[in-house]
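Engineer: let me see the structure of the following:
(2 chains)
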Amino acid sequence: MKILVPIKRVVDYNVKVRPLGDQSDVDLNNVKMAMNPFCEIAVEEAVRLKEAGTASEVVAVTVGKSDSQEQLRTALALGADRAILAETDSLLEPLAIAKVLSKVIEEESPQLVILGKQAIDGDNNQTGQMLAAMLNYSQATFASEVVIDGDSASVTREIDGGLQTIKVSLPAVITTDLRLNEPRYASLPNIMKAKKKELDVKPVGEMGVDINNRMELLSVELPASRQEGIKVESVEELVGKLKEEAKVIS
Amino acid sequence: MSILVIAEHDNSNLKPATLNTVAAAKELNGEVHLLIAGNSCQSVADEATGVEGVSKILMSDNAAYENHLAESTANLIKSVAANYSHILAAATTFGKNVLPRLSALLDVQQISEITEVVSEDTFKRPIYAGSCIATVKSNDSIKVITVRATAFDPVNSSGGSASIENIDADNISDLTSFVGEEIAQSDRPELTAAGIVISGGRGMQSGDNFHLLEAIADKLGAAVGASRAAVDAGFVPNDYQVGQTGKIVAPDLYIAVGISGAIQHLAGMKDSKVIVAINKDEDAPIFQVADYGLVADLFNALPELSEQL
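Structural biologist: Numbering: from 1, shown residues only, chains lettered A, B, ... in the order given. Next comes the predicted model:
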């Protein structure tokens, strides 16, 4: 079984992102970039399926600028067998990214696509579901457990009230939630080996896909800030403040 | 202009987030319809006829819709989509699962988790875990939108007088089947709907210690939540998680106990009206958003708090 893992290069999760001075966009000058944390979980799950003998090949793919090769190399160091960069200098929306990915999938014909449930930059939570719709694949979002069983997969999903288990026929799209696994760190020998693995670059411009944006970003601002609070000295003072000042308990 | 809201329900009752989503839909100044797809869900439709601001209920009652699986639900919504300028659902795990699939079927770019309606095509939404708020304008002919429920006050659930129209099931998919569900049973209010929330973090040290929070929750009629660290450590189940990728809450009172205050957690609770932080580390970032901070060992403070309530 071949598994395709789409990943995304995003601002490192420790960076506090701020708007540009003219509020036209976020300020990404000189910020640290990394693989989206949910994508790391997706790579890990695919690699574990390969180590268990369930999968035969793991292909990492991303849609973005040339510098996204860095994150593809990370995926290779974590255990992916080869990588594909669908290269474009444009900043694509999830709909366009899903279209490009579905083109790659048409060529690669994987039995399973595993990707992060959301990227921590736009917080959209869309690409996997869109991809499943375009390919007419089944979808299992927010996965916390995946069990492959022949031509189907049993997936436990994190839903608002608890957990739900569904059976999806393969090929399927699975999106990862936080509790699916704990991703490994790449070892130095594996980082060195990853440099020699195959990384294909395919220009998005030659795919014949409509990647035009449907949305305009009008402005980016800071959220309303909270008024500075106070420190109380004791539980008694806290309860007094909540009753008499804030009036939120009686 | 007509707006379609996708109702969320359990085949017996409407979920409260539907009322917040209708509130967002009303700001678009069109006729608001509510789609109920379910199995033996007549009682949900009857209940929904009373929802303020809704003029028509579209009900599709079919065994295929019992568990709200994305494939068939998205196909059904697509079958009526051409009649609407906007299609909205709450940004719950249900809405987040179904609406992007619908968007791709309609070839439109979804607008996720809006917190404000600026005009019929322009919306505000948080990005980067709420560090920034983006204002975006959609140029698609149908706007597919998920709504952050806490950003809109719910409409009344009674007093309305909507009609019910039955619609046929459409293009039922057999790609996915339902196996089972483990839904947490609790007498406490639901996290996203509670007026008071008390949450524990890594500082709680174990799942057993959450009984200290539960004792207070029961006195206040509060829901119990947790930070990602506490969920990852296995103290409590995933449905407790408040944060960027968990639940978004905005209660009247949020009490954060033993939570350091990572930006990913703040993203899920910083719109609460009053925030209390109890932490023994006086430099914890949670104090920067707290209205009332108490620097104390939670194992002393919690029993004392419970006693004084």
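Engineer: quick one, helices of chain A?
Structural biologist: Under the criterion DSSP state H, helices of chain A are mapped to A:37-51, A:69-78, A:94-108, A:127-135, A:188-194, A:235-240.
Engineer: contact partners for residue B:41?
Structural biologist: B:9, B:11-12, B:59, B:61, B:65 (Cβ atoms under 8 Å, 6 or more residues apart in numbering or on different chains). From N, CA and C alone the C-beta is placed, and that goes for glycine too.
Engineer: torsion angles phi and psi at it?
Structural biologist: phi -110, psi 20 (degrees, to the nearest 10).
Engineer: for residue B:99, see how far away it is.
Structural biologist: Shown here: residue B:41 relative to residue B:99, a distance of 20 Å by Cβ to Cβ, to the nearest Å.
Engineer: likewise residue B:161?
Structural biologist: For residue B:161, the distance to residue B:99 - Cβ to Cβ - is 28 Å.
Engineer: that older thread, and which of the contacts of residue B:41 is nearest to chain A?
Structural biologist: Nearest to chain A, judged by Cβ to the nearest Cβ, of these is residue B:9 at 12.4 Å.
Engineer: so for that closest one, what's the pLDDT?
Structural biologist: As summarised for this prediction, residue B:9 has a pLDDT of 97.
Engineer: and the residue nearest to residue A:187 when sequence neighbours are not counted, what does it touch?
Structural biologist: Among residues not flanking residue A:187 along the chain, residue A:77 sits closest, at 7.9 Å (Cβ to Cβ, 6 or more residues apart in numbering or on different chains). Remark: with contacts taken as Cβ under 8 Å, 6+ apart, residue A:77 is in contact with A:186-187, A:190-191, A:193-194.
Engineer: by neighbours, which of those wins?
Structural biologist: Counting neighbours by other Cβ atoms under 10 Å in any protein chain shown, residue A:194 leads these with 20 neighbours.
Engineer: I'd say that one and residue A:76 touch.
Structural biologist: Yes. Applying Cβ atoms under 8 Å, one finds residue A:194 in contact with residue A:76, separated by 3.7 Å.
Engineer: so what's the residue nearest the centre of chain A bridging to?
Structural biologist: Central residue check for chain A by Cα atoms, centre = their mean: the C-alpha nearest the mean position is that of residue A:116, 3.3 Å away. Residue A:116 has these beta-bridge partners by DSSP bridges: residue A:176.
Engineer: compare residue B:161 and residue B:99 (neighbour count), which wins?
Structural biologist: Each of residue B:161 and residue B:99 has its neighbours counted (other Cβ under 10 Å); residue B:99 has more, 29 against 10.
Engineer: now what about stretch A:241-250, what contacts it?
Structural biologist: Applying Cβ under 8 Å, 6+ apart, the set of residues contacting stretch A:241-250 from outside is A:232, A:239, B:196, B:220, B:252-253, B:273-274, B:276, B:291-292, B:309.
Engineer: from the residues you listed, which land in helices?
Structural biologist: Using DSSP H, the contacts of stretch A:241-250 in helices are A:239, B:220.
Engineer: out of the contacts of stretch A:241-250, grab the one that's most surrounded.
Structural biologist: residue B:276 (25 neighbours).
Engineer: does that residue touch residue B:252 like I think?
Structural biologist: No. In this structure, residue B:276 is not within contact of residue B:252 by Cβ under 8 Å, at 11.5 Å.
Engineer: got the contact list for the spatially most central residue of chain B?
Structural biologist: With distances taken as Cα atoms, centre = their mean, residue B:92 lies nearest the centre of chain B, 4.4 Å away. Residues counted as contacts of residue B:92 (Cβ under 8 Å, 6+ apart) are A:160, B:8, B:15, B:17, B:149, B:192.
Engineer: excluding chain neighbours, what is closest to the third one?
Structural biologist: Excluding the flanking residues, the one nearest residue B:15 by Cβ to Cβ, 6+ apart is residue B:8, at 4.1 Å.
Engineer: that neighbour contacts residue B:22, correct?
Structural biologist: No. If you go by Cβ under 8 Å, residue B:8 and residue B:22 don't touch, sitting 11.3 Å apart.
Engineer: in the stretch 1-150 of chain B, which spans are helices?
Structural biologist: B:17-26, B:42-48, B:70-80, B:93-106 (DSSP state H, counting those that start in this stretch).
Engineer: list the buried ones in the last one?
Structural biologist: Judged by neighbour count using 16 or more other Cβ atoms under 10 Å in any protein chain shown, the buried positions of helix B:93-106 are B:93-106.
Engineer: hmm, back to that, so which of the helices of chain A is nearest residue A:204?
Structural biologist: Residue A:204 lies closest to helix A:94-108 among the helices of chain A, at 5.6 Å (Cβ to Cβ).
Engineer: the closest one close to chain B?
Structural biologist: Yes. Residues of helix A:94-108 contacting chain B under Cβ under 8 Å from any Cβ of the partner chain: A:94-95, A:98.
Engineer: equivalent analysis for stretch A:14-26, please.
Structural biologist: Yes. Using Cβ under 8 Å from any Cβ, stretch A:14-26 reaches chain B at A:16-19, A:26.
Engineer: and that stretch, C-alpha only, in CSV?
Structural biologist: Taking Å, rounded to 0.1, in the frame of the first residue of the first chain, the C-alpha atoms of stretch A:14-26 are listed here in CSV:
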residue,chain,number,x,y,z
ASN,A,14,6.4,29.1,19.4
VAL,A,15,6.4,32.4,17.3
LYS,A,16,3.9,35.1,18.3
VAL,A,17,2.8,36.5,15.0
ARG,A,18,1.9,40.2,14.6
PRO,A,19,0.4,42.3,11.9
LEU,A,20,2.6,44.4,9.6
GLY,A,21,2.8,48.1,10.4
ASP,A,22,0.3,48.9,7.5
GLN,A,23,-2.0,46.0,8.6
SER,A,24,-1.9,44.6,5.1
ASP,A,25,-0.9,41.1,6.2
VAL,A,26,0.9,39.3,9.0
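Engineer: chain center to that stretch, what's the gap?
Structural biologist: For stretch A:14-26, the separation from the chain centroid amounts to 21 Å (computed by Cα atoms, centre = their mean, to the nearest Å).
Engineer: contact partners of that stretch?
Structural biologist: Residues outside stretch A:14-26 that contact it (Cβ under 8 Å, 6+ apart): A:11, A:27-28, A:31-32, A:217, A:219-222, B:127-128, B:131-132, B:263.
Engineer: just the buried residues of these.
Structural biologist: Looks like those have A:11, A:219-220, B:127-128, B:131-132, B:263 buried, using 16+ other Cβ under 10 Å.
Engineer: and the residues of stretch A:14-26 next to chain B as TSV, adding pLDDT?
Structural biologist: Output for the residues of stretch A:14-26 next to chain B, formatted as TSV (pLDDT from 0 to 100):
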residue	pLDDT
A:16	90
A:17	95
A:18	96
A:19	97
A:26	97
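Engineer: buried ones in stretch B:237-253?
Structural biologist: Under 16+ other Cβ under 10 Å, the buried positions of stretch B:237-253 are B:237-251, B:253.
Engineer: pop out the phi and psi values for the closest residue to residue A:213 other than its chain neighbours.
Structural biologist: Distance criterion Cβ to Cβ, 6+ apart; nearest residue to residue A:213, sequence neighbours excluded, is residue A:93 at 5.4 Å. Dihedral angles of residue A:93 (phi, psi; degrees, to the nearest 10) stand at phi -80, psi 160.
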